[in-house]
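# Pasting a predicted model and its sequence here:
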Amino acid sequence: MKTIVSRETDLLVLVDSDDQAIGLRDKRSCHEGRGILHRAVSVFVFDEKQRLLLQQRHDDKPLWGGCWSNSCCTHPFFGEEPVNAAKRRVGEELGLDVELEFVYKFEYHAEWSPEYCEHELCSVFVGAVSTDPNVNTTEIQAWRWVSVDELDKVISEDAPDYTPWLKLEWRELRKRGIPD
């Protein structure tokens, strides 16, 4: 697998709340202070036992480093459709080729520290695989499959070592009957 690392200088697509592109800005400045609303994608990959693939973000990540999160997240490049960004990043981070289904889109804001936060309009996708990932260790520190019941329990306890977007997205996916 070719090692691809996200960079603070990557240009993100700034959007309004209706997902209309209004500009480009480097990733670092999009996440500084109160943040600037930008486009993002989030992926939940399940196996044949309906377990979710969780990743532990690498400690070197400037936001939520060392925290457990959903299978994969990224930001679409300018002109890149969200589903294509999601598929690209699943390949880059997890070494998997997965068919993805769009579920929903939502806007959220979460503070990591007084200096950094997330402010994203995020498209959420689900997919299924029958193999373990081949993870990019520059992005992912650890990974594991987790049962629905186990993750429901962790989310209900609002565990601090799990990313806020995972918690928000998982609650919404469960309301929608995913996984079913």
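It's in. Numbers count the residues shown, from 1 in each chain.
# Run through the residues that contact the most centrally placed residue in the chain.
Residue closest to the mean C-alpha point of the chain, counted by Cα atoms, centre = their mean, is C73 at 2.4 Å. Counting by Cβ atoms under 8 Å, 6 or more residues apart in numbering, C73 touches 40-43, 89, 165. C-beta: built from backbone N, CA, C; applies to glycine.
# With N70 instead?
N70 neighbours (Cβ under 8 Å, 6+ apart): 42-44, 52, 54-55, 163, 165-166, 169-170.
# Among the residues you listed, name the ones in helices.
Among the contacts of N70, DSSP state H puts 165-166, 169-170 in helices.
# which one of those sits closest to K153?
W170 (11.4 Å; Cβ to Cβ).
# mind checking how far that closest one is from R176?
Using Cβ to Cβ, to the nearest Å, we find W170 at a distance of 11 Å from R176.
# cool, V148 as well?
For V148, the distance to R176 - Cβ to Cβ - is 13 Å.
# Looking at the two, which one has more neighbours?
Shown here are V148 and R176; by other Cβ atoms under 10 Å, V148 has more neighbours (17 against 12).
# so what's the more buried one up against?
Contacts of V148 (Cβ under 8 Å, 6+ apart): 50-52, 179.
# what ranges do the strands span in the chain?
Assigned by DSSP state E, the chain shows strands spanning 11-15, 21-26, 38-46, 52-57, 68-69, 72-74, 100-111, 117-128, 140-146.
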